[in-house]
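Peer 1: structure for this input, please:
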Amino acid sequence: MPDVPATIDIIQEHEGHNKLPEIRVWCHPLKGGDDFYYVFDTFMAAAKFITKPHKTYVPEKVPLLAFKGWELNLFNLKPYKGDA
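Peer 2: Residues are numbered from 1 along each chain as shown. Predicted coordinates:
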């Protein structure tokens, strides 16, 4: 099985699981408040969003693929080494 770093998505854990994969960018408000995320149709759209300046929040620099209660950082995957 591949060694895939992932974190449980707390929002999905409490509000249900998405049935289709989502590309998310998490954002952190500059003046307090709860973190939130935007969903994008493509990684290119998410990458463009990350590079734009934002006045009221700071986006994470890596889009995540969210599916069935998990979020995967596709830029931090480890190579598959087979069943050892």
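Peer 1: quick one: average confidence on stretch 38-57?
Peer 2: The pLDDT scores in stretch 38-57 average 91.
Peer 1: would it be right to say that M44 lies in a strand?
Peer 2: No: secondary structure of M44 (DSSP: H, G, I helix; E, B strand; the rest coil): helix, not part of a strand.
Peer 1: can you get me a residue count around it?
Peer 2: 11 (other CB atoms under 10 Å). (Glycine included, C-beta is placed from N, CA and C.)
Peer 1: check contacts around it.
Peer 2: Contact analysis of M44 by CB atoms under 8 Å, 6 or more residues apart in numbering lists nothing.
Peer 1: now it: how far from T51?
Peer 2: 11 Å (CB to CB, to the nearest Å).
Peer 1: ok, now L30?
Peer 2: 18 Å.
Peer 1: how about P53, what does it touch?
Peer 2: Contacts of P53 (CB under 8 Å, 6+ apart): none.
Peer 1: no, scratch that, I was asking about F40
Peer 2: Residues 23-25, 46, 49, 63 are the ones in contact with F40 under the rule CB under 8 Å, 6+ apart.
Peer 1: repeat for I23
Peer 2: 39-43, 45-46, 63-66.
Peer 1: again with A46
Peer 2: Here A46 is in contact with 23-25, 40, 63 (CB under 8 Å, 6+ apart).
Peer 1: mind putting those into CSV with distance to L74?
Peer 2: Converted to CSV, the contacts of A46 look like this (distance: CB to CB, whole Å):
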residue, distance to L74
I23, 9
R24, 11
V25, 13
F40, 13
P63, 8
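Peer 1: please flag which of the residues you listed sit within helices.
Peer 2: Among these, no residue falls in helices (DSSP state H).
Peer 1: related to what we said a few turns ago, higher neighbour count, L30 and T51?
Peer 2: L30 (11 against 8).
Peer 1: just to revisit the earlier point, among the contacts of A46, which ones are in strands?
Peer 2: Residues of those located in strands (DSSP state E): 23-25, 40.
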